[in-house]
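>>> Sequence isn't available, so here's the structure alone:
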């Protein structure tokens, strides 16, 4: 088995790489940071004796994205983890439209195109699947990031439902606040977030892999976020909008 993981140089993607390698899976690691990718590849080869291919790519660049899609479509790829992503700290109206476009290119377009490249062959072979890393934010209403993650979750649900009789499975992972570099890279303030809301990155990934194996369509790690996701999905939308505004204050 070979797994292709995007955004593999840090955080959730790095944890996927380590946990999959520990089970004997060969890997194709995708990210922009070649130095980090090569260091991680060397570590995993040494620790687990697996084959690790490094593929440097900026997924907002169509030519580079196409190279990843070509690799994802090859028959040895049994699992794709669409994890690459980032946040932007800016108001939509007065913010940079280029930053907004870049966000959608990576969080939506890349997920769509890589999945489209990989899943037909998986369905034909009747094995494998795709894990799309979404977010609990997709059930809220707090800007472009939430909107993009709402698309990822709905897209994953649609594919999982359409191909429910196939052994090729699609799942959305919807974590909450997870201890990675994500927030610091986006210059987001996290000091006011209570400790009980934070998730351990390795626990998030382990839970998602277990849920994927069990055929779940949506994986929500952490009891606190299971409750929050239910509240966000079933509360009247005007209340969800009020809560979303309050959470940004």
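Sure, I can see it. On a predicted model such as this, the values are computed, not experimentally measured, just so you know.
>>> use CA for all of it now, contacts and neighbours both
Noted.
>>> In this protein, mark out all the strands, start to finish.
For the chain, the strands defined by DSSP state E occupy 2-6, 26-31, 52-56, 77-82, 129-133, 169-173, 218-219.
>>> For residue 44, which of these is the nearest?
Closest to residue 44 of the strands of the chain, according to C-alpha to C-alpha: strand 52-56, at 7.5 Å.
>>> Could you check how many residues crowd around residue 231?
13 (other C-alpha atoms under 10 Å).
>>> hang on, I meant residue 179
By other C-alpha under 10 Å, the residues close to residue 179 number 14.
>>> Make residue 1 into 447 and carry on from there
Will do, 447 is the new start, and the previous item becomes residue 625.
>>> quick one on the thing from earlier: indicate which one of the strands of the chain is closest to residue 626.
Residue 626 sits nearest to strand 575-579 of all those, at 14.0 Å, using C-alpha to C-alpha.
>>> Could you spell out the sheet neighbours of that closest one, each with its direction?
Sheet partners assigned to strand 575-579 using DSSP bridges are listed as strand 523-528 (parallel), strand 615-619 (parallel).
>>> And the contacts of the longest helix belonging to the chain?
Determined from DSSP state H, the single longest helix within the chain is helix 590-608. Residues outside helix 590-608 that contact it (C-alpha atoms under 8 Å, 6 or more residues apart in numbering): 533-534, 538, 546, 549-550, 553-554, 557, 578-581, 583-587, 615-618, 620, 663-664.
>>> Identify the bridge partners of the nearest residue to residue 528 once chain neighbours are set aside.
In space, and not counting its chain neighbours, residue 528 is closest to residue 578: 4.8 Å by C-alpha to C-alpha, 6 or more residues apart in numbering. Note on residue 578: beta-bridge partners by DSSP bridges are residue 528, residue 618.
>>> so what's residue 578 up against?
Applying C-alpha under 8 Å, 6+ apart, we find residue 578 in contact with 527, 528, 529, 557, 598, 599, 602, 616, 617, 618, 619.
>>> quick one: it and residue 677, what's the gap?
Computed with C-alpha to C-alpha, to the nearest Å, the distance linking residue 578 and residue 677 is 22 Å.
>>> Find the centremost residue of this protein, please.
Most central in the chain under C-alpha atoms, centre = their mean is residue 579, positioned 2.2 Å from the mean C-alpha point.
>>> show me where pLDDT drops low in the chain?
Scanning the chain for pLDDT under 70 picks out the ranges 627-637, 681-695.
>>> now the helices: where do they sit in it?
Under DSSP H, the chain gives helices at 457-468, 480-494, 508-518, 543-550, 556-571, 590-608, 628-631, 647-659, 669-680, 683-693.
>>> Kindly state the beta-bridge partners for residue 501.
Taking DSSP bridges as the rule, residue 501 bridges to residue 476.
>>> just checking, it touches residue 474?
Yes. Applying C-alpha atoms under 8 Å as the test, residue 501 and residue 474 come out as touching, 6.9 Å apart.
>>> returning to what we had before: quick one, the longest helix of the chain and helix 556-571 angle?
Between helix 590-608 and helix 556-571, the angle comes out at 10 degrees (axes from the mean of the first three to the mean of the last three C-alpha atoms, to 10 degrees).
>>> Helix 590-608 to helix 543-550, inter-axis angle?
Put simply, helix 590-608 runs at 30 degrees to helix 543-550, going by the same axes, to 10 degrees.
>>> Residues contacting stretch 519-528, please?
Residues from elsewhere that reach stretch 519-528 (C-alpha under 8 Å, 6+ apart): 447-453, 459, 518, 557, 560-561, 563-565, 567-568, 573-579.
>>> mind checking the end-to-end distance for that stretch?
One end of stretch 519-528 to the other measures 14 Å (C-alpha to C-alpha).
>>> List the buried residues for that stretch?
519, 522, 523, 524, 525, 526, 527, 528 (16 or more other C-alpha atoms under 10 Å).
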